[in-house]
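Asker: Give the three-dimensional model of this entry:
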Amino acid sequence: MWNSVGVGLFERRKTSKLNYIVNAALILLVLFLAAEISFNMRYTSILVDGRSMLPTLVGAENGEGGDFIFIDTKMSPTYGDIVVVRRADGSFIIKRVVAFGGDTVKSEAGLLFIKYKGSESFELVNEDYLSPEYNRPELPKNSFLEHLVEDGKMFLLGDNRNESADSRFNGDYPVEDVVGVVPEWAMRKKAQITAFYTYFKTHSIQTRE
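Answerer: Reported below is the predicted structural model:
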């Protein structure tokens, strides 16, 4: 009789322990799915294409290679931010914000100057993210005359000033067309993000020049 009772208690303990493990696993799964849904509601993965953001971001060539990066779709852009913008034809570009409506910009031999809205004088912008290799001062495109940015719009430049098709040629871009801003943590984790998305070949929005 006591053997039967002991076996029964042992079986109940086994069942109770198994239920505890199953319930804990289900709770962890629910928490993981909730976190994943919450993350995906705010962040979107981007595949960088082309050479316009070198050396900060490496773009894919012929659809191969290229950095993957996340953008924060709830974040408002500010000076110096890297943003993804949807163009009128539905394509996406990735550039850096250097000025907003009311600012006046100009460039002299690769050096960027801004007269901020309400200011009376130009200031030299510290662009430590640029590389001389991709911002050659002798190229005519790396110097441009004063330009007043339209209200509600942004002046965008690629970090590869030698090759980028940006506001110097296409004019100002509406702030409302910003799809998302690259957060600092995504830049710090760029190598890991790129390795993950390259390995699993996960679909992402692809930018163009």
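
Asker: From now on I want contacts and neighbour counts done on CA atoms only, so please keep to that.
Answerer: Noted.

Asker: Let me see the ranges of the helices in the protein.
Answerer: 2-42, 167-170, 184-188, 190-200 (DSSP state H).

Asker: How about residues contacting whichever strand in the chain runs longest?
Answerer: Assignment by DSSP state E gives strand 92-100 as the longest strand of the chain. The list of residues contacting strand 92-100 from outside it, by CA atoms under 8 Å, 6 or more residues apart in numbering, reads 48, 52-53, 77-87, 105, 114, 116, 149-159, 166, 205-209.

Asker: rerun at 6 Å
Answerer: 79-86, 153-158, 207-208 (CA atoms under 6 Å, 6 or more residues apart in numbering).

Asker: what about residue 191, neighbour count?
Answerer: Using other CA atoms under 10 Å, residue 191 has 13 neighbouring residues.

Asker: Please report how far the spatially closest residue to residue 104 that is not a sequence neighbour lies from residue 115.
Answerer: Closest residue in space to residue 104, ignoring its immediate chain neighbours: residue 148 at 4.3 Å, by CA to CA, 6 or more residues apart in numbering. For residue 148, the distance to residue 115 (CA to CA, to the nearest Å) stands at 9 Å.

Asker: Residue 179 reaches residue 87, doesn't it?
Answerer: No: with contact defined as CA atoms under 6 Å, residue 179 and residue 87 do not form a contacting pair (10.0 Å).

Asker: Quickly list what's touching both of residue 148 and residue 115.
Answerer: 103, 104.

Asker: give me the beta-bridge partners of the residue nearest to residue 78 when sequence neighbours are not counted?
Answerer: Sequence neighbours aside, residue 97 is the residue nearest to residue 78 in space, at 7.0 Å (criterion: CA to CA, 6+ apart). Beta-bridge pairing of residue 97 under DSSP bridges involves residue 156.

Asker: And for residue 97, the neighbour number?
Answerer: Neighbour tally, residue 97, other CA under 10 Å: 21.

Asker: coming back round to it: who's more crowded, residue 179 and residue 87?
Answerer: Legend: neighbour count by other CA under 10 Å for residue 179 and residue 87, higher for residue 179 (20 against 13).

Asker: quick one: pLDDT of the more buried one?
Answerer: You'll see residue 179 listed with a pLDDT of 96.

Asker: Could you tell me which residues make contact with it?
Answerer: Contacts of residue 179 (CA under 6 Å, 6+ apart): 73, 84, 85.

Asker: Most neighbours among those, which one?
Answerer: residue 84 (25 neighbours).

Asker: what's the nearest residue to it if we skip its chain neighbours?
Answerer: residue 94 (4.4 Å).

Asker: what about that neighbour, distance to residue 182?
Answerer: 10 Å.

Asker: just residue 114 next, same as before
Answerer: Counting by CA to CA - residue 114 and residue 182 are separated by 23 Å.

Asker: what about the two, which has more around it?
Answerer: Set residue 114 next to residue 182 and count neighbours by other CA under 10 Å: residue 182 wins out with 24 against 21.

Asker: I am finished for the moment; much appreciated.
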